[in-house]
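>>> Sequence plus the predicted model coming up.
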Amino acid sequence: MDIKIRKWQLSDIENLVQYANNKKISDNLADAFPFPCSKNFGLEFIKRVSNEEPTKIFAITSENNAIGSIGIFPDQDIYRKNAAIAYWIAEPYWGKGIATSAIEKILRYGFDKLGLTRIYAKPFGTNIGSQRVLEKIGFELEATIPKAVFKNNVYLDEKIYGKRKTTHNSGIGFYTRQN
């Protein structure tokens, strides 16, 4: 399966609304992305994110069909070399390596194009699937913040996973802490 990340396009609206209207996905997203996801919200979302420079939120595509989303959100001031990522994949595509592929692409974009040195993700403690994906591609668990998230009237733990860029004589690579 050829997975790409690209700017969202208005032609993606049907897939966005179809795939984002899933409680299993919504339960792992910030409340800013509503459930249910209306067509009006989807259109406003696509218009807003497709005009950002540099692009921060991308469609994840297979055969040019939007099947998810991934975003990179640079921090500010003294944290400006760091950025958070967030992503979701349409349920029919779970377990196919799509998240792994999309995250690898956003790592390259963040490290190479945005000049970042640390990229992190903050999955909920209940989101075991995302934690496994992050661990599989070399993110390290940096912290667990108990009951830091309030979602669906329940407090959840927040996990913080990070990956660092480093340079070696052989070029640019990803740093993995050695224990």
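Okay, I see it.
>>> What is the lengthiest strand in the chain packed up against?
Using DSSP state E to define each element, the chain has its longest strand at strand 154-168. Identification of packing neighbours for strand 154-168 by 3 or more C-beta pairs under 8 Å, 6 or more residues apart in numbering; DSSP states H and E yields strand 118-121, helix 128-136, strand 140-151, strand 171-175. Any C-beta I mention is one placed from the backbone N, CA and C, and that applies to glycine too.
>>> Buried ones in that strand, by neighbour count?
For strand 154-168, a neighbour-count test (16 or more other C-beta atoms under 10 Å) marks Leu156, Glu158, Lys159, Ile160, Tyr161, Gly162, Lys163, Arg164, Lys165 as buried.
>>> Quick one, which of those residues has the minimum pLDDT?
The lowest pLDDT within those belongs to Lys165, with 93.
>>> just checking, that residue touches Phe111?
Yes. In terms of C-beta atoms under 8 Å, Lys165 counts as a neighbour of Phe111; the distance is 4.3 Å.
>>> wait, is Ser11 part of a helix?
Yes. With DSSP: H, G, I helix; E, B strand; the rest coil as the criterion, Ser11 is part of a helix.
>>> I appreciate the help and will end here.
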